[in-house]
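kindly generate the corresponding structure for this input.
(one chain, ligands or ions: 2)
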Amino acid sequence: MAKYNVIFVLGGPGAGKGTQCENIVREFGYVHLSAGDLLREERQRTGSQFGEEIDTHIKNGTIVPVQITCSLLKRAMESSGKDRFLIDGFPRNQDNLDGWNKEMSDVAKVIRVLFFNCPEQVCVERCLSRGKTSGRTDDNEESLKKRIKTYNESTMLIIEHYRKLDLVSEINAGNSPDAVFEDVKKVLNGLK
Ligand code: UP5
Ligand code: MG
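Ligands and ions are numbered 1, 2, ... in the order given. You can find the predicted model right below:
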């Protein structure tokens, strides 16, 4: 039996993945691992050999090679000492999916994919508004266009892949945070 249970959390930039993961942690006790946050931390780490590469990908809204992201995720999973994870913002493309399957399919079982579906314009407004204070290098109009393009061209295919496996729970993420969480709870309660 797999050592870890994993819920992948996917959706466009600003769809509310991080916000809802915090809610889930509070009520359901999963460990939240945001692939984007792990990459941003690695970028800041003194001596990281991947800093510049990560930096460029994030600014351009393109996707970091899976070897880097998957090793950060794996290390965080192992060092947590826990066995139930929300993996937020990964896998985003076929390279991510292949790398995950190769490296992790023996130890981790994907039990569900939460898909936060949010209108593009709402996503843009949320990120631009957050950009006033977030300090994120990709919360600007130019990077956002690229992030959305990558999402539509690459990440949607991964969501469709999991939909075929009947693992996707789609949530209307354009509503208020509380309303979205009500829908999330229904999905999570169904997993118990
Ligand atoms: N907000 C949230 N929910 C709201 C709601 N219901 N109503 C109104 N406002 C709401 O929310 C975004 C903003 O909206 C916040 O201000 C929040 O308060 C508000 P958040 O919960 O942060 O949304 P989230 O979906 O997490 O948005 P995020 O910007 O983090 O999504 P991205 O997928 O774009 O960013 P991520 O950090 O995952 O990735 C960044 C980059 O890293 C990628 O573009 C890529 O270059 C790289 N990356 C990889 O290469 N590989 C990976 O595996 C992961 C990332
Ligand atoms: Mg996030």
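
burial count for Asn172?
By other C-beta atoms under 10 Å, the residues close to Asn172 number 12. All C-beta atoms are positioned from the backbone trio N, CA, C, and that covers glycine.

can you pull the contacts of it?
Asn172 makes contact with 117-118, 180, 183, according to C-beta atoms under 8 Å, 6 or more residues apart in numbering.

let me know the closest of these to ligand 2.
In terms of C-beta to the ion, no member of those lies closer to ligand 2 than Cys118, at 12.4 Å.

just checking, the closest one touches Leu10?
No - the criterion here is C-beta atoms under 8 Å, and Cys118 misses it with Leu10 at 11.2 Å.

which bits of the chain sit near ligand 1?
Residues of the chain found near ligand 1 (C-beta under 6 Å from any ligand atom) are 11, 13-19, 34-36, 39, 57-58, 61-64, 69, 89-90, 92, 96, 126-127, 130, 138, 147, 176-177, 180.

just those: which are in helices?
17-19, 35-36, 39, 57-58, 69, 96, 126-127, 130, 147, 177, 180 (DSSP state H).

how about the spatially most central residue of the chain, what does it touch?
Compute the mean C-alpha point of the chain, and by C-alpha atoms, centre = their mean the closest residue is Gly89, 1.3 Å away. By C-beta under 8 Å, 6+ apart, Gly89 lies in contact with 9-10, 17, 34-36.

where does this protein have low pLDDT?
The chain contains residues with pLDDT under 70 at 192.

smallest gap between it and ligand 2, at which residue?
Gly18 (3.5 Å).

in ChimeraX, how would I select just the buried ones from the residues of the chain next to ligand 1?
Here is the ChimeraX command that selects the buried residues among the residues of the chain next to ligand 1 (16 or more other C-beta atoms under 10 Å):
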select :11,13,14,15,16,17,18,34,35,36,39,57,58,61,63,64,69,89,90,92,96,126,127,138,147,180
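
ok so, going back, only the buried subset of the contacts of Asn172, as a PyMOL command please.
Of those, the buried ones can be selected in PyMOL as follows, counting by 16+ other C-beta under 10 Å:
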select buried, resi 118+180+183
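
now the contacts of Asn172 as JSON lines including secondary structure and distance to ligand 2?
What follows is these, written out as JSON lines (DSSP: H, G, I helix; E, B strand; the rest coil; distance: C-beta to the ion, whole Å):
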{"residue": "Asn117", "secondary structure": "strand", "distance to ligand 2": "15"}
{"residue": "Cys118", "secondary structure": "coil", "distance to ligand 2": "12"}
{"residue": "Val180", "secondary structure": "helix", "distance to ligand 2": "14"}
{"residue": "Asp183", "secondary structure": "helix", "distance to ligand 2": "18"}
